[in-house]
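> What shape does this take:
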Amino acid sequence: MTWIFLTIFAAFMQSWRNALQSNMSLHVSVAGVTLARFIVASPIAGLYLIILYQYKSAAFPDFNLIFIGYIIGASIIQIIATGLMVKLFKMNNFAVGAGLAKSEALMAAILGLLFFGSALSLLGWLGVFLGAIAVLLLSGITNVKHFKLSTALVGLACGTAFALSSSWIREASLSSGLAFPYSAAWVLLLIISLQTIMLCVYIAYREPRTFSNMWQHKGITSAVSVCSCLGSIGWFSAMSLQHVAYVKTLGQIEVFFTMLISILWLKQPLKRQDSAGLILIAIAAVLVMLPSY
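Reported below is the predicted structural model:
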């Protein structure tokens, strides 16, 4: 049952991270907003790992080629996925693109079945499909007038990239030779550290002024990084315990948190289509949680 609580926590933190990143994208480049997700996260991830070892000692991971390969692959593809998500923030049809970006759960189920030998139960598949329909309803993609092919393609590519990175993160945890939660904590620290180094090198070479822009907005940069790291602790831990498709389907309750913020603070009314989408997400969440009982 632990994966359920970890996923709910991760979804809550991600809803705040996405809101902060959307605001930050108005002032900082795509690469800068992507780096903001990791820049302060490495020390937090390191502190989390130290606390785990202080609480109870454990071995170090088995740094075999398979483990290292998954770490490098997940690091690169997650940067690409995050960059695509930030690009969606800058597009006019963001809702449609973001809805397709949430196809991550469905893509993770398909990738898991084809390449990672992960099979879902019948109820699990039903939950994943209902979740996919729900996010499309909430994105407004059912309104053909709002559909734009370029945005849809970016959103679908984003969802596929996130699904692949999540699958590789899970495989890295499983191949580390460590038990939970040490496996997830090591994968988190290594991936975030590698991503930080790669993005810093890229920005220093291609757009050095981005560092000064990030410093000018250091408050929101730090907030994005903290929310991202706490969310990643939840995601990485949950995915080391449960199939990625189940975790990401349950994680779609992030939409509920986002809409709750919109209703309570922005005073925006809930549409009938939104209500239907939320009901489907609730049903999908129940279906993917059932195998845990």
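> roughly how far is the helix or strand hosting residue 225 from the heart of the chain?
Using DSSP states H and E, residue 225 falls within helix 218-241. Computed by Cα atoms, centre = their mean, to the nearest Å, the chain-centroid distance of helix 218-241 equals 9 Å.
> by contact count, what packs against it?
helix 2-24, helix 30-36, helix 41-55, helix 149-174, helix 182-206, helix 244-250 (3 or more Cβ pairs under 8 Å, 6 or more residues apart in numbering; DSSP states H and E). For glycine as for every other residue, the C-beta is placed from the backbone atoms N, C-alpha and C.
> Can you name every helix or strand that the third one contacts?
Translated: helix 41-55. helix 182-206, helix 218-241.
> about what we covered before: for the helices and strands packed on helix 218-241, which one sits closest to residue 83?
With Cβ to Cβ as the criterion, residue 83 lies closest to helix 30-36 of the helices and strands packed on helix 218-241, at 5.2 Å.
> could you dump the closest one to PDB, C-alpha only?
What follows is helix 30-36, C-alpha atoms only, in PDB (Å, rounded to 0.1, in the frame of the first residue of the first chain):
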ATOM      1  CA  VAL A  30      13.000  26.500 -21.900                       C
ATOM      2  CA  ALA A  31      16.500  25.200 -20.800                       C
ATOM      3  CA  GLY A  32      16.500  27.500 -17.800                       C
ATOM      4  CA  VAL A  33      13.100  26.400 -16.600                       C
ATOM      5  CA  THR A  34      14.100  22.800 -17.100                       C
ATOM      6  CA  LEU A  35      17.300  23.300 -15.100                       C
ATOM      7  CA  ALA A  36      15.200  24.900 -12.300                       C
END
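> what sits up against it?
If you take Cβ atoms under 8 Å, 6 or more residues apart in numbering as the criterion, helix 30-36 is touched by 21, 24-25, 28, 79, 82-83, 86-87, 89-90, 196, 199-200, 202-203, 206-207, 210-211, 213-214, 220-221, 224-225, 228.
> What separation is there between residue 246 and residue 70?
20 Å (Cβ to Cβ, to the nearest Å).
> quick one: which of these two has more around it?
Per other Cβ atoms under 10 Å, whichever of residue 246 and residue 70 has more neighbours is residue 246, with 32 against 23.
> Just name the most buried of the helices and strands packed on helix 218-241.
Across the helices and strands packed on helix 218-241, averaging neighbours per residue (mean count of other Cβ atoms under 10 Å) puts helix 244-250 on top, at a mean of 30.
> Which elements pack onto it?
In terms of contacts (3+ Cβ pairs under 8 Å, 6+ apart), helix 244-250 is packed against helix 2-24, helix 104-115, helix 122-139, helix 149-174, helix 218-241, helix 272-289.
> any idea of the mean pLDDT in it?
Averaging pLDDT along helix 244-250 yields 79.
> can you dump the C-alpha coordinates of it into CSV?
The C-alpha trace of helix 244-250 is given here as CSV (Å, rounded to 0.1, in the frame of the first residue of the first chain):
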residue,chain,number,x,y,z
VAL,A,244,4.8,2.5,-13.8
ALA,A,245,1.4,2.4,-15.5
TYR,A,246,-0.4,1.9,-12.2
VAL,A,247,1.6,4.7,-10.5
LYS,A,248,1.1,7.2,-13.4
THR,A,249,-2.6,6.4,-13.6
LEU,A,250,-3.2,7.0,-9.9
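> chain center to stretch 58-73: distance?
21 Å.
> in it, what's buried?
Residues of stretch 58-73 classed as buried: 61, 67, 70, 71, 72, 73 (neighbour count, 16 or more other Cβ atoms under 10 Å).
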